[in-house]
Every structure is written in structure tokens, then in C-alpha cells.
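A.B. asks: pasting the sequence and the predicted model now:
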Amino acid sequence: MIGSPRYRTHTCLATADAVGTTVRVAGWVHRRRDHGGLVFIDLRDLSGIVQLVFDPADSVAAHEIAQRFHAEDVVSVTGRVLARSDATINPNLPTGTVEIRADEVEILSAADPLPFSVEDETHDPNEELRLQYRYLETRRPRRRRALEVRAKIARATRRVLDDAGFLEIETPILIRSTPEGARDFIVPSRLQQGKWYALPQSPQLFKQLLMVGGMERYYQITRCFRDEDLRADRQPEFTQIDIEASFVEQEDIFALVETILVAQAAEAGVTLDAPFPRMAFSESMARFGTDRPDTRFGVEITDWTAQAAASGFGIFERAVEGGSVVRGIRLPGCGTGLSRKDLDGLVTEAQSLGAKGLIWAVVEEGGGLRSSVKAEFLGTLASTFEAQPGDLICLVADQEEPALLLLGTLRTRLADRFGLIPEGTWAPLWVVDFPLVEWNADQKRWDARHHPFTSPRPSDLDKLATDPGSVIAQAYDIVLNGLEIGGGSIRIHDRDVQQAVFNMIGVNAEEAEEKFGFLLNALKLGAPPHGGLALGFDRLVMLLLGESSIRDVIAFPKTATGQDPLTGAPAEVDAGQLKDLSVANVLPPAAH
């Protein structure tokens, strides 16, 4: 145990095994109870809670000081550990069979009244206040456990990778700005005025250079930075587990990552069974309307286009004639008890997500349909969807991609709303065989779906120049319960292939040399085949602990607007600092 005997000889938890000895403990006053002549204090440290008893018969001085204790005072107490009587044992505490009879006490730090209770987690203050006093919130058991489990998961990660011969290597934080899909945070240089560093969105290029450098097996639990709009599972700075290896194929990465995830989950009390199932991107989109499907429940998308074309319903028929599809989902038992207002609310909800409309139908007893359109237009809808009485069916007509995306969103929303997702279940899944590129209609060009260093499938190399949209990437995502927790690929290790991919996405040789010349040069000097994956560490911990936001598992997170109520960041800086950097702070008129 680290700690000076000046303050403590035992942690609170360790006193459970110290009956009959004199100990010194230190921590925070968790709770105070004054029972006439006796004062009872629950003392808390990182290990747990132990009960202290202050009796004037043991020490008048200690008893008088204890009467002045306030919640969250930091104290150090010496006393004898005694076994509690059977009638006073607290079975809810690991130390519930003992108590410390205090005879010496020192207040190390007195606490003012707190802005919110650290004991009562049922009444949360607003988020900004909690983040302003984040160091108080980490005294709460739930937040403390999150950080403890986070540390254990990191330790398990290192253990697996160390055992597999990987080296933990740090890569630079101040780098050159390169296009990686999100905005960079940029940092002005004082020594090279007029030039800028960027903070890395990922260590992608450096880990590839390490492979060229012969390191063969690299990992890093690293901070990454993206200047993008925030949401529950995003922060401007975040942590990822970055892994890269040489002379590997997809199967090698899958086996390694599965071993890591099984070990990580065990630290949170979660059991994952490997090997994980796999699903092609095209199948995932067709069945679930997303490339990160939650497979804990059914509700798969069904194609009803052919039936719609012959339904006699003009809207359906015109949509199909115009090249649209009609797809739908069946939600078992979810139509029971829904009013017409409830069902029409689904139409409004779908429209808010970008749908042109939505047709709903509820299967009634006897097999009839209650629907937003005449039942005669729906023909064999119930049998096609294998629907039973009480089931709810939702149909949309649109171009294939928007129809699938909409149903994918509705599928997870409604499954959660109607309680279709089984609790306590875990569904890891590899999604594979992604397209290498996707068409950017606004810019009239192909964009890399993952990043431009992803290797095409070898059998598709001859299609790079002639049929880019059909090229399959050696890319893969790992999904857990409908959340993408990691992604990676086999990388391009041939300079000519890399330039061919750059050409395909509109990056000519001159631009490629300017932005990625150091990587292209490295690829000429003996680059091994290599690949890897990055796991979103914050998101993974959030998911394993059942939290709804990564802010709940980060020690000092920021708000949804990227602000830090604790330190006041971002903040203005001294004019002299800006002058040293040759930077002017020019704000639009509304910001003055």
C-alpha cells in the first residue's frame, strides 16, 4: 500500500482483516450519525467504507472533534479494530463485521458545504454543474467505478498485446495537417511563423511508417482529436486503442482483436463468446438498414416491392415505376393497444427522419388489417411478413439507400421503445467487405469510404480505373450491440496501388506528393504487407458499463458544445501570446 503511516497504516477495506489491532485510517467523512453520547462516522477512501465509533469513554478529545465533522472533511483517525456484535453487523459492506473505536483524530482538510451531494446519486444536478465540479462527481460510486473499470480494461489490453509481442510506441501529437475526414485542430508555430501544426485525428500514417521501419507489431492507447459537432458518444479529444502489425491478413487481426475484447469485457463482468460472427456490408444494409446492426433482436427489413407494384395502390405503383423500392419491418406484438393517434405519430416521426411518408398496418384477431390505407391495397402483406395478430408493420417507398437507412433507424428506435431488445445480452459482430469508395454527388467524385490507405481486394485491382464503385476494400468494423466500437483494414503497401487509389479519389500525383510524400517515399523503401485496427476506448467502456454517454467514463470530459466548465476552456489568451505567434484574433461582428 502506498501511503505514509503519518496518515494511515491501513485502507478502509484492509481493516476487515485487522481485528484486535490498532490501525490508522484516512479518508473522507462519508456520513455522520450522532446517537446521544456516541458519534458514528462512515469513513470512505478509494477501497471502500469503514465505520468509526467515537466514544467519550475512549477519548474525550477525539469525541469532541468528531462532533464538529462535516460531510467530505478529510480526516486521519487512529483506533482499535473490534468485531461488531451479531446484531450490528452490516451485510452490505465488506467491512460490515468490524468497526474502529477511535482514540486519536486529525482533521487534514475541512470541507465547505458541497454544491451537490456526492452520496445521493438519485438526484443529479444539471450537467454543467457536475462538470464544473467533476472532481466531486468522481467521488460518487458510479463515476469512481467507471474510472476503475476503465483502468482495468486498459491493463487487460496491454496484457494481451504484450503477451502477443507487440511494442507500445508513442507517436507525435504535433503533426502536419492531412485530410482525414473531419476538421483538424490546428496549432500555430512560434518558431516557424505562418505555419501550423495539427493535432492527430489518428496515428494512421505514423503506424504505417513504423511497419516500414520494421517494428512489425505496434500498439498505443492514444489521444486523438477531431474538431466536429458533438453528440453523446463524441468528444473533441478521445482515446483509441491503436494496433498495427506486419505480414498479416484479416484473419490474424480478427483473432487478435477477439482475444483483446474478450479480456476487456471480462474486466467489466461481461462474457463475450469468440469467434464472433461475420456479415458482409451489403447483407447488413439489406437486412438491417445500417452497417452497424444490433443483432440482439430480429425485426429485419423485408422487400415488398413486387407486391407493391401489383397492389392497385397508386402511390406504390408510381413509386416502383419511378425506380423506388418498397421495404418494411414487422414489430412483433407492438401494434396492440396503439391508438390511431399513436400510429399516425409514427408517420410524423418517419417524416422528421427524411421519409416521404410511411404506411402502417396492424394485424388484428382473425387476420384482418387496420391500416393507414385501405386493406385491399395490402393484399398478402401479413403473410409475406409472417405477421401474427398484434404485430405492427411499417412500409416505406423510396430509392433503395434512403429507404434502408430510414428503416434501419426506425428499427432500433421502435425496438427500444417497445422493449424488444433483450437485456443482459451481447452481440459482437464483424462487418466486412465494404465498398472501397462511395460517390460524392455534391463534388461529383469518388471518396474513400474509410481512408485512402485502405487496400482494395487483390482480385479487384484491375477495376480501380474502370469500375471504382464495385471495388471491395479489405476493411472491417467491429460492432457490439449496434455500436461500432472499432474499425480497420489491411493497408496499401505498394506505391503504385496507393497512387492509383489517389487518382481514383481525385488526388493527383502533385497533390499526393505535397500531402503524403513522406508516406509515398516510405512505400518505395521496402514496405511489408500490414494492417490493423483502432478500437474506440471511451465508447467501449461506455457500452460495457451500460452508460449512455462517453462523458460518463472520461475523467474530465467536455460539454456537448466542446466547453470545459471546470477550467473555463476554451478561453481567450493574452494579446502578447498572439503577437509572439503572429496570429490575429479576428471575430465576426456578432461575436464582439
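C.D. replies: The structure has been received and is ready for your questions. Numbering: from 1, shown residues only.

A.B. asks: what ranges do the strands span in the stretch 151-300 of the chain?
C.D. replies: In order along the chain, the stretch 151-300 of the chain carries the following strands (DSSP state E, counting those that start in this stretch): 167-168, 186-188, 196-198, 217-225, 237-246, 278-280.

A.B. asks: could you list the residues in contact with the third one?
C.D. replies: The list of residues contacting strand 196-198 from outside it, by CB atoms under 8 Å, 6 or more residues apart in numbering, reads 174, 175, 176, 177, 178, 184, 185, 186, 187, 188, 189. Using the backbone N, CA and C atoms, a C-beta is placed for each residue, glycine as well.

A.B. asks: longest helix in the chain, please.
C.D. replies: Residue-count comparison of every helix in the chain, with assignments taken from DSSP state H, identifies helix 141-163 as the longest.

A.B. asks: ok, residue 177 - contacts?
C.D. replies: Contacts were defined as CB under 8 Å, 6+ apart; by that measure residue 177 touches 184, 186, 196, 197, 198.

A.B. asks: roughly how far does it sit from residue 498?
C.D. replies: Computed as CB to CB, to the nearest Å, the residue 177 to residue 498 distance reads 19 Å.

A.B. asks: what do you get for residue 93?
C.D. replies: Taking CB to CB as the measure, residue 93 falls 61 Å from residue 498.

A.B. asks: neighbour count winner among the two?
C.D. replies: residue 498 (21 against 17; other CB atoms under 10 Å).

A.B. asks: look at the closest residue to that one other than its chain neighbours and report its pLDDT.
C.D. replies: Spatial nearest neighbour of residue 498, chain neighbours left out: residue 492 (4.6 Å); criterion: CB to CB, 6 or more residues apart in numbering. Residue 492 is assigned 95 on the pLDDT scale.

A.B. asks: swap in residue 233?
C.D. replies: Predicted confidence (pLDDT) at residue 233: the value is 67.

A.B. asks: show me which pair in the contacts of strand 196-198 is furthest apart.
C.D. replies: Taking CB to CB as the measure, the contacts of strand 196-198 span a maximum distance of 17.6 Å, between 178 and 188.

A.B. asks: now render the strands of the stretch 151-300 of the chain as TSV, adding mean neighbour count.
C.D. replies: As requested, the strands of the stretch 151-300 of the chain are arranged in TSV below (neighbours: other CB atoms under 10 Å):
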stretch	mean neighbour count
strand 167-168	13
strand 186-188	14
strand 196-198	17
strand 217-225	20
strand 237-246	22
strand 278-280	16
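
A.B. asks: for residue 577, which of these is the nearest?
C.D. replies: Minimum separation from residue 577 across these (CB to CB) falls at strand 186-188, 9.8 Å.

A.B. asks: okay, now the sheet partners of that closest one, with direction.
C.D. replies: Each strand pairing with strand 186-188, determined using DSSP bridges, is listed with its direction: strand 196-198 (antiparallel).

A.B. asks: which helix or which strand is home to residue 407?
C.D. replies: Element membership for residue 407 (DSSP states H and E) is helix 400-417.

A.B. asks: what does that helix contact?
C.D. replies: The contact list for helix 400-417, computed with CB under 8 Å, 6+ apart, reads 285-286, 288-290, 293-294, 297, 299, 301, 324-329, 331, 334, 346, 349-350, 353-355, 394, 396-398, 420-421, 482.

A.B. asks: what's the helix or strand following it packed up against?
C.D. replies: Scanning forward in sequence from helix 400-417, with DSSP H and E defining helices and strands, the next element found is strand 428-432. For strand 428-432, the helices and strands in contact under the criterion 3 or more CB pairs under 8 Å, 6 or more residues apart in numbering; DSSP states H and E are helix 250-267, strand 278-280, helix 281-288, strand 475-480.

A.B. asks: repeat the analysis, applying 7 Å as the threshold.
C.D. replies: strand 278-280, strand 475-480 (3 or more CB pairs under 7 Å, 6 or more residues apart in numbering; DSSP states H and E).

A.B. asks: got the angle between the helix or strand just after the longest one and strand 428-432?
C.D. replies: Past strand 475-480, heading to the C-terminal end, the next element that is a helix or strand (DSSP H and E) is strand 483-490. Counting by axes from the mean of the first three to the mean of the last three CA atoms, to 10 degrees, strand 483-490 points 40 degrees away from the direction of strand 428-432.

A.B. asks: for strand 483-490, give me every contacting residue.
C.D. replies: Contacting residues not belonging to strand 483-490 are listed as 249-250, 253, 292, 450, 454-455, 473-479, 531-536, 539-540, 543 [CB atoms under 7 Å, 6 or more residues apart in numbering].

A.B. asks: only whichever of the residues you listed are buried, select them in PyMOL.
C.D. replies: With 16 or more other CB atoms under 10 Å as the criterion, this PyMOL line picks the buried residues out of those:
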select buried, resi 250+253+292+450+454+455+473+474+475+476+477+478+479+531+532+533+534+535+536+539+540+543
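
A.B. asks: can you redo the contacts of residue 177 as CSV with pLDDT?
C.D. replies: As requested, those are exported to CSV (pLDDT from 0 to 100):
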residue, pLDDT
184, 92
186, 94
196, 94
197, 95
198, 95
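
A.B. asks: care to break the chain down by domain?
C.D. replies: Domain segmentation of the chain under automatic domain parsing yields 13-109, 141-276+534-577, 297-417, 428-530.

A.B. asks: out of these, which gets nearest to residue 2?
C.D. replies: Evaluated with CB to CB, the domains of the chain place domain 13-109 nearest to residue 2, the distance being 11.0 Å.

A.B. asks: next, the distance between the ends of the closest one.
C.D. replies: By CA to CA, to the nearest Å, the extent of domain 13-109 from end to end equals 22 Å.

A.B. asks: any idea which of the strands of the stretch 151-300 of the chain gets closest to residue 74?
C.D. replies: For the strands of the stretch 151-300 of the chain, the distance to residue 74 is smallest for strand 237-246, at 30.2 Å, taking CB to CB.

A.B. asks: output the below-cut-off pLDDT ranges for the stretch 1-150 of the chain.
C.D. replies: Counting by pLDDT under 70, the stretch 1-150 of the chain contains low-confidence residues at 1.

A.B. asks: tell me what the host helix or strand of residue 318 is packed against?
C.D. replies: With secondary structure defined by DSSP H and E, residue 318 is part of helix 314-321. Using 3+ CB pairs under 7 Å, 6+ apart as the contact criterion, the secondary-structure elements in contact with helix 314-321 are helix 305-309, strand 325-331, strand 392-398.

A.B. asks: residues in contact with that helix?
C.D. replies: With CB under 7 Å, 6+ apart as the contact definition, helix 314-321 has outside contacts at 305, 308, 309, 311, 326, 397.
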